[in-house]
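sequence-free structure coming up:
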């Protein structure tokens, strides 16, 4: 449900679904050491950047939906409305997956640095991206929820700042985004032991210490992109199919050739703008029911991937599917492809169940019972 002032940006919904599936394949490939060698298939290797596409689209959409609420000031009523909507969006499925993994760990007695009981409060309060622990913990993709939550905390201030000062704010925030990305890519020493085998040294794959800055930078970049989108001349330019195809090709080529992560981030901005503005064949394709479906269940896909991967890697003794193979070693292509497609099929089916049975009902319940004047949201 939307209103005339905040039309639903349905072209971004399938893009979110593609990004979620890409991340899931990236993690499954890393954990199972199958399908393709990462040094030669950089499209898989760069899958971690799909999280940054999430951040950019999130900042874009949140400003689209809630920008007017914080245009002049931050009222208690609007702030409460915004925060309740964020809790309703994130927490039900996040808590469910966390509890599932905690209970599974108790019964299997597989305690380790990832499944650290001391990290349970950190996960509950979405503090995983602040480097409190030495590694990511429990449902590892949920680190990005923590980073996005940090962006939610500063969003009202950023929205007021951008509205009241406009050009100076955009300049200052652009400089902040650039400096933050340079810090994360070039100056922040990697904390992850897994990084020593990765073929790209200067990368944005920061998921623990200072990862909250990655979320805020991407979110802010999405807000800046939306400021461009509001200009009719920009929307007209980016509405053409050829522009969307250009940025699709640019993103794929940059990833395939293993180019600098910051170039890929720039292509994601163009991708978001072109999809949001498009009114041609891209729009018709994105409006198809399967495309909308995969986008709607994208959050479930993102959070449920750990559970499905746990089932494949730890509980099934399948030939060629092991998490203990040497780094960067790949198994046979066709068995790996079969495992990956089977994994995705199960993940999408399970995500449909959790979306319809848990995520969406809980979100509607919270919004209906705790704020009667809920603002329609596409997030």
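Perfect, thanks for sending it. Since the model is a prediction, treat every value here as computed from it, not as a measurement.

buried stuff in the strand or helix carrying residue 143?
Assigned by DSSP states H and E, residue 143 belongs to helix 143-165. Buried residues in helix 143-165, counting neighbours by 16 or more other C-beta atoms under 10 Å, are found at 143-152, 155-156, 158-163. (Glycine included, C-beta is placed from N, CA and C.)

Next: stretch 79-87.
Judged by neighbour count using 16+ other C-beta under 10 Å, the buried positions of stretch 79-87 are 81-82, 84-87.

State the mean pLDDT of the host helix or strand of residue 342.
Residue 342 is located in helix 333-354, with elements delineated by DSSP H and E. The average of the pLDDT scores along helix 333-354 is 86.

what does the helix or strand following that helix contact?
Remark: after helix 333-354, the chain's next helix or strand is helix 360-370, criterion DSSP H and E. Among residues not part of helix 360-370, those counted as contacts by C-beta atoms under 8 Å, 6 or more residues apart in numbering are 84-85, 87-89, 92-93, 374.

Report the two of these separated the most.
Maximum pairwise distance among those (C-beta to C-beta): 18.7 Å, between 93 and 374.

Look at those two and report which has more neighbours.
A side-by-side neighbour count of residue 93 and residue 374, using other C-beta atoms under 10 Å, places residue 93 first with 25 against 17.

So the more buried one versus residue 181, what's the distance?
Residue 93 sits at a distance of 29 Å from residue 181 (criterion: C-beta to C-beta, to the nearest Å).

Neighbours of residue 8, how many?
Residue 8, neighbours per other C-beta under 10 Å, totals 16.

how far away is it from residue 142?
Where residue 142 is concerned, residue 8 sits at a distance of 27 Å (C-beta to C-beta).

Would you mind listing where the stretch 101-250 of the chain has pLDDT under the threshold?
Scanning the stretch 101-250 of the chain for pLDDT under 70 picks out 109, 189-202.

quick one: the helices in it?
120-124, 143-165, 167-182, 211-229, 232-238, 241-256 (DSSP state H, counting those that start in this stretch).

closest one to residue 356 among these?
Closest of the helices of the stretch 101-250 of the chain to residue 356 is helix 143-165, at 20.8 Å (criterion: C-beta to C-beta).

and the angle from the closest one to helix 167-182?
Counting by axes from the mean of the first three to the mean of the last three C-alpha atoms, to 10 degrees, helix 143-165 lies at 160 degrees to helix 167-182.

by contact count, what packs against helix 143-165?
Helix 143-165 makes packing contacts with helix 50-66, helix 76-108, helix 167-182, helix 211-229 when contacts are defined by 3 or more C-beta pairs under 8 Å, 6 or more residues apart in numbering; DSSP states H and E.

thinking again about what came up before, now the helix holding residue 143 against helix 211-229, angle please.
Taking the same axes, to 10 degrees, one finds helix 143-165 and helix 211-229 inclined to each other by 40 degrees.

What about residue 283, how many residues nearby?
Neighbours of residue 283 (other C-beta under 10 Å): 16.
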